[in-house]
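**Q** using only what follows, build the 3D model:
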Amino acid sequence: MLFPETDFQPEGLAAALLLWVEREFGLPPFPVVAVFDRAAYRYRFTWPGDGAAVADAASRGWARPPRAPG
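**A** Down below sits the predicted model:
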């Protein structure tokens, strides 16, 4: 039987790192929302300026576009 060793999501690492930096250096909270999507069995993250910023980063090759659910 094969199974993934982890349910790693790169955007989750970014959110965790951001939270650590806020706590470690006493910075004001950055408004990131994380919600677990049971149907997709993954967390959905909402970042400020999400739509245009993500599309721009993906078009420049800096980030992958979000995966379609399913």
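**Q** could you use CA atoms for every contact and neighbour count after this?
**A** Fine.
**Q** looking at stretch 28-35 now, give me its mean pLDDT.
**A** Here stretch 28-35 scores 80 as its mean pLDDT.
**Q** correction: the previous question concerned stretch 40-59.
**A** Mean predicted lDDT for stretch 40-59 stands at 69.
**Q** which one's the longest helix in this structure?
**A** helix 10-25 (DSSP state H).
**Q** same question for that helix: list its buried residues.
**A** Ala15, Leu18, Leu19 (16 or more other C-alpha atoms under 10 Å).
**Q** the second one - nearest residue in space that isn't next to it in sequence?
**A** Read that as Leu18. Phe30 (7.8 Å; C-alpha to C-alpha, 6 or more residues apart in numbering).
**Q** next, count neighbours for the one you found.
**A** The local packing of Phe30 (other C-alpha atoms under 10 Å) involves 12 other residues.
**Q** just the one 4 residues further on next, same as before
**A** Applying the criterion other C-alpha under 10 Å, we find 15 residues in the vicinity of Ala34.
**Q** quick revisit: check the secondary structure at the residue nearest to Leu18 for me.
**A** Three-state secondary structure (criterion: DSSP: H, G, I helix; E, B strand; the rest coil) places Phe30 in coil.
**Q** can you tell me the SS state at Tyr43?
**A** Following three-state DSSP, we place Tyr43 in the strand state.
**Q** same deal with Thr6?
**A** Note that with three-state DSSP, the state of Thr6 is coil.
**Q** what about it, distance to Arg42?
**A** As judged by C-alpha to C-alpha, to the nearest Å, Thr6 and Arg42 stand 12 Å apart.
**Q** ok, the buried residues of helix 10-25 vs Asp37, which is closest?
**A** Closest approach to Asp37 among the buried residues of helix 10-25 (C-alpha to C-alpha): Ala15, at 16.5 Å.
**Q** you'd agree the closest one is up against Phe30?
**A** No - using C-alpha atoms under 8 Å, Ala15 is not in contact with Phe30, being 9.5 Å away.
**Q** returning to that earlier point: mind putting the buried residues of helix 10-25 in TSV, distance to Trp47 and pLDDT included?
**A** Output for the buried residues of helix 10-25, formatted as TSV (distance: C-alpha to C-alpha, whole Å; pLDDT from 0 to 100):
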residue	distance to Trp47	pLDDT
Ala15	9	85
Leu18	12	85
Leu19	13	87
